[in-house]
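[1] Any chance you can model this:
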Amino acid sequence: MDNSWSVGLFLFNFLYGVTEGQFSPVKDDIMYNIQWHRAGTVLDELKMPVGQLLNPEHSYKMTTASKERYTCTLPSPAEADDQDQRDVKPTHAPNILLAPMFMDDNCAYRVESYWTYEVCHAKHVRQYHEERIRSTGVDQSKQTSTDGGGKIKIQPSSETNTLIRTVEYFLGYLDGTVNSKGVLESAPPAPQSPEEVPRKKINGMSRPYYAVNMTDGTPCDLKLGTFRRTTILYVCAAQAYNEVSSVIEVSTCEYEIVVPTPHLCANPLYRIEGKQINQIQCIADDGSPPRPNTLAEQERDLTITDTQIILKQVLDQAIVLADRSITHTMENGATATVKVSVKKMSARDKELLDQHRDREAKKKMPGIDPQMIKDFLRGQYCLPGGTGWWKFELCYGKHVHQYHDDPKTGRTTIVLGKWDEANHREWARRTNKAFVWATLPDGTKKLHGLQQLYTGGDFCEEKGVERKVVVRMMCRTDVKSPNDVVLYIREPETCSYQLYAESGIFCSILEEEVDADGVFKHH
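    Here you go, the predicted structure:
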């Protein structure tokens, strides 16, 4: 066994062996740390964390294998203050603590790839998307219509010949009333014990929460006779800013929103107490070093290793920036002297640097799997996507499915569209939308993506037509791996969808032979 750790391990074994009945036995949920001090340090003058005490009666003489001697004092175990848990004052009621958030028009927002979510705590939860459209010259600023139960608003924009088109759905209105002080009335009685506070696993941790319901939102087109509804879970977070941390569709037209807030932390029942580290204090006897020599040497070796790694990274970058006209000196491994000659980078140097970065990026990024491309174009490899209640599946040349897997009832599938080559070709020639072009800085255009129409999906009762979806396959290079796929969907019109599939895979697929209608010739 390494000498430097013999004191620490012996301490833990000794603690477990002699303190049962006096202290809590050593467990996985009680953590300890050893603090080392030089000879002459006074035990009573050492500062301890809140809830920990030092008692000289719990001091023990320890000796390392190198005959270094220390007097180590074990702390009282840090335990939660049960009285603080029980001391819940009337002003600790969650609806009173959250009153500042329910005053006036206090709203929080979460922006995602397509939708924006607006949480006005005392009013509603709104889901909306805004986009700019070209004006037809007719006054459309007052035009409104419904779309799948939602609303479409067209309003003027500050830009010439441009209007703002907003699609919005209300995911619920506040179930209750708020008084002039911002207090939610008709709230359930405030909990008085930890057992009365509901908990939920949020971000992998069991968290106590306070729930507020938003009901009677926009009618749900997938569950006739019902309305969208949302449960907002307020959780204690001392460093939070009342932001919306997540929005999840837990079931069809039923949503769950998590809002971390410091306001709730005044109630001890909603706090999450972090685990304290019990500090073992070891004071060197006369003639012994402040900390065991072997331990100090190991820590110094680790520091030197980390320093060498950092220096190597700095040097590698400096060599590139100085176009290799650099001198450097590494002396004994512990210290280093680096001399860098800095000069203005010429156009040629910049070109060489860009080429170097491209080469390095290609080294780090795994290549496109050619078999994956072949399987995808044959319809044998399907792209999955979606993070909410509904997931999506794109099987090229076959279908686009929307589905939900339930462990009890199995999979529920809605067919959004099926591949019909004749229908796609007719649409491509009529709309001229099969190709998506990107304009380069020199004015030339480069093929950036393909659009294909899938028709004949499941029947849509609300509009009396079959569902259909336009699949938009786009080349995307700003991903960690070219094999990663970003897949998301939008519904600009009821039962008419747009599926966005973005990946480095499509950068390679676009190099395949495509005919004038955007169909791969070998497919």
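
[2] Any idea how many residues pack against Ala516?
    Applying other C-beta atoms under 10 Å, we find 10 residues neighbouring Ala516. In short, each C-beta sits where N, CA and C put it, glycine included.

[3] contacting residues around it?
    By C-beta atoms under 8 Å, 6 or more residues apart in numbering, Ala516 lies in contact with nothing.

[4] quick one: secondary structure of it?
    Here Ala516 is recorded as coil under DSSP: H, G, I helix; E, B strand; the rest coil.

[5] could you measure it against Ala428, distance?
    8 Å (C-beta to C-beta, to the nearest Å).

[6] cool, and Lys391?
    Counting by C-beta to C-beta, the gap from Lys391 to Ala428 is 28 Å.

[7] Glu299 too?
    68 Å.

[8] Look at those two and report which has more neighbours.
    Comparing Glu299 with Ala428 by neighbour count (other C-beta under 10 Å), the higher total belongs to Ala428, at 21 against 12.

[9] Next one: the more buried one, what pLDDT does it get?
    Model confidence at Ala428, given as pLDDT, is 93.

[10] What is the host helix or strand of it packed up against?
    Using DSSP states H and E, Ala428 sits in helix 421-431. Contacts defined by 3 or more C-beta pairs under 8 Å, 6 or more residues apart in numbering; DSSP states H and E place helix 421-431 against strand 445-455.

[11] Could you identify the helix or strand that succeeds the helix or strand harbouring Glu249?
    Assessed by DSSP H and E, Glu249 sits inside strand 246-251. Downstream of strand 246-251, the next assigned helix or strand under DSSP H and E is strand 254-261.

[12] What mean pLDDT does that next one get?
    94.

[13] I'd like to know which elements that strand is packed against.
    Strand 254-261 packs on strand 116-120, strand 229-236, strand 246-251, going by 3+ C-beta pairs under 8 Å, 6+ apart.

[14] Can you name the residues in contact with it?
    98, 101, 108, 117, 119, 125, 171-172, 202, 228-237, 240, 242-250.

[15] What strands line up against it, and which way round?
    If you go by DSSP bridges, strand 254-261 pairs up with strand 229-236 (parallel), strand 246-251 (antiparallel).

[16] least reliable of those going by mean pLDDT?
    Of all those, the minimum mean pLDDT falls on strand 246-251 (a mean of 91).

[17] how about Gly379, phi and psi?
    Reported as degrees, to the nearest 10, the phi and psi values for Gly379 are phi 80, psi 10.

[18] Repeat that for Gln192.
    Backbone geometry at Gln192, expressed as degrees, to the nearest 10, gives phi -110, psi 0.

[19] residues near it, how many?
    Applying other C-beta under 10 Å, I find that Gln192 has 12 neighbouring residues.

[20] Could you double-check that it lies in contact with Val88?
    Yes. Gln192 lies in contact with Val88 (C-beta atoms under 8 Å); the separation is 5.6 Å.

[21] Ile257 and Ile414: what is the separation?
    Following C-beta to C-beta, the distance that separates Ile257 from Ile414 is 25 Å.

[22] more crowded one of these two?
    Legend: neighbour count by other C-beta under 10 Å for Ile257 and Ile414, higher for Ile257 (23 against 16).

[23] Now that one. Nearest residue, chain neighbours left out?
    Closest residue to Ile257 apart from its sequence neighbours, by C-beta to C-beta, 6 or more residues apart in numbering: Ile232 at 4.8 Å.
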